[in-house]
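1. What would the 3D arrangement of this be:
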Amino acid sequence: MPRFMADHMVGKTCKWMRIMGYDTLYPQCKTDTEILKRCIEEDRILLTRDYEFYRRYSKSIFLDSPDFKLQIKQIAGMFPPKRNLFFSRCPMCNSLLEGINSDVMPPEFSAVKLRFSTVKYCKYCNKYYWNGTHYLKILLEIDSILKG
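-> Predicted coordinates for the structure are as follows:
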């Protein structure tokens, strides 16, 4: 599966792509030149709404719509998502999540530990994820975007 770099104009799209399992970076760098350098070094496809920026790099996708849902649909049309990768990446930092036993969660997660024997964990962000009600809402939203 290809790897992506979302520019500063498509942050929400980046987060949703990560939820869908796409390896998608969001630039920590400030300039377009730095973003392009990283895309080239890591063989990443640039996602942008900036037409001039799009024209500077042959592996770019110009996202036609300002609506993140239509942007996701455009990208998924070119690179269909793999459902088995959904919820495999941290939506905050893009790292792969680890499946862990919920018993290791801190005490403030006691309700989660009662309901779920395993959760996903990002060791870089120190965040936990589990298949609560938000999980089903996100899946329904993804289905709506892909079918819509």
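2. low pLDDT regions in this protein?
-> Judged against pLDDT under 70, the chain has no low-scoring part.
3. Helix or strand: which one has the residue nearest to K82 when sequence neighbours are not counted?
-> Distances taken as C-beta to C-beta, 6 or more residues apart in numbering place G21 nearest to K82, at 6.2 Å, with adjacent residues excluded. All C-beta atoms are positioned from the backbone trio N, CA, C, and that covers glycine. When elements are assigned from DSSP states H and E, G21 belongs to no helix and no strand.
4. Wait, G21 touches N94, no?
-> No: using C-beta atoms under 8 Å, G21 makes no contact with N94, being 10.7 Å away.
5. which element is the residue nearest the centre of the chain on?
-> Residue closest to the average C-alpha location in the chain (C-alpha atoms, centre = their mean): R18, at 1.4 Å. Per DSSP H and E, R18 falls inside helix 11-19.
6. Just checking: what are the partner strands of the next helix or strand after that helix?
-> Using DSSP H and E, the next helix or strand after helix 11-19 towards the C-terminus is strand 23-25. Using DSSP bridges, strand 23-25 pairs in its sheet with strand 3-6 (parallel).
7. Using PDB, write out every CA atom in the partner strand.
-> Output in PDB follows, covering the C-alpha atoms of strand 3-6 (Å, rounded to 0.1, in the frame of the first residue of the first chain):
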ATOM      1  CA  ARG A   3       2.400   5.900   1.800                       C
ATOM      2  CA  PHE A   4       1.200   9.500   1.900                       C
ATOM      3  CA  MET A   5       2.000  12.900   3.200                       C
ATOM      4  CA  ALA A   6      -0.900  15.300   3.800                       C
END
